[in-house]
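Engineer: using only what follows, build the 3D model:
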Amino acid sequence: MSGLSIPSTQSQTLLDVIKRDHREILAFYTEYKAAGNLDQQQRWANQLTWEIARHSIGEELVVYPLLEKALGDKGHALAEHDREDHQVVKDGLKKIEALKVGSAEFDSTLKTIMDNLEEHIKTEEEQDFPQLETAIGLEKSVETAKSFERTKMFVPTRSHPSAPSKPPFETLVGLLAAPMDKLKDAFSKFPTEEQRESATAHITGRN
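Structural biologist: Purely as a prediction, here's the structure:
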């Protein structure tokens, strides 16, 4: 299945783990595009959407509130912009759940999602989160990285566009939705562990 162990974050900062997640998401999309048959496309599509959903909601629960707290009004503006980006992605993910994997409409919609996500990733990595790390310092950054990883274990793994995107509402809505999402995942196809490791072997968390 999609692997539920928490990666070691002993010395990794928040930006390190966020970047690693971003690289994994992009790598899974590359694998989807290179898949040679429908079965492999389905597996990589499931893996990709699973990672995007839990990463996005993990950011909304852990990182964006801290951004607002640490950077005040500026942090609030950055967080609101990031939430708007996430909403576009969530809406797209919900749409493709009803589309046939490998179809022209599915591929086109997924490309639009990934194009939007790449712009969002660039903004987070080059602007938002470096400012946050400067404000909170190394110790708090490492602590938040661990909290972020733990939180991803308990958030929904499917897109819920209508769910609130701010705590405390998202926390409750997310935890209520999670069990059904986990059940859906149990009956979905995913790449093997070996395939995932091969796809992400080049990722260090700091690149």
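Engineer: now the longest helix seen in the chain: buried residues?
Structural biologist: Longest helix in the chain, counting residues (DSSP state H): helix 64-96. Across helix 64-96, burial judged by 16 or more other Cβ atoms under 10 Å covers 64-68, 70-71, 75, 78-79, 82-83, 85-86, 89-90, 92-96. For every residue, glycine as well, the C-beta is placed using N, CA and C.
Engineer: from Leu138, how far out is the residue nearest the centre of the chain?
Structural biologist: Centroid check for the chain by Cα atoms, centre = their mean gives His55 as the closest residue, at 2.4 Å. Look at His55 and Leu138: by Cβ to Cβ, to the nearest Å, they are 23 Å apart.
Engineer: how about low-confidence regions in the chain?
Structural biologist: 1-10, 155-187, 204-207 (pLDDT under 70).
Engineer: ok, 50 please
Structural biologist: Within the chain, the stretches with pLDDT under 50 are 1-9, 172, 175-176, 179, 183.
Engineer: all helices of the chain, in order?
Structural biologist: Listed in chain order, the helices of the chain (DSSP H) span 14-34, 38-58, 64-96, 104-123, 129-152, 169-186, 193-200.
Engineer: who touches the last one?
Structural biologist: Helix 193-200 is contacted from outside by Gly3, Arg23, Glu24, Ala27, Phe28, Thr30, Glu31, Arg43, Gln47, Pro191, using Cβ atoms under 8 Å, 6 or more residues apart in numbering.
Engineer: show me which of these are buried.
Structural biologist: The neighbour count (16+ other Cβ under 10 Å) marks Arg23, Glu24, Ala27, Phe28, Glu31, Arg43, Gln47, Pro191 as buried among these.
Engineer: what's the local residue count around the closest residue to the second one other than its chain neighbours?
Structural biologist: Using Cβ to Cβ, 6 or more residues apart in numbering and skipping the chain neighbours, the partner closest in space to Glu24 is Thr200 (5.2 Å). When counting by other Cβ atoms under 10 Å, one arrives at 16 neighbours for Thr200.
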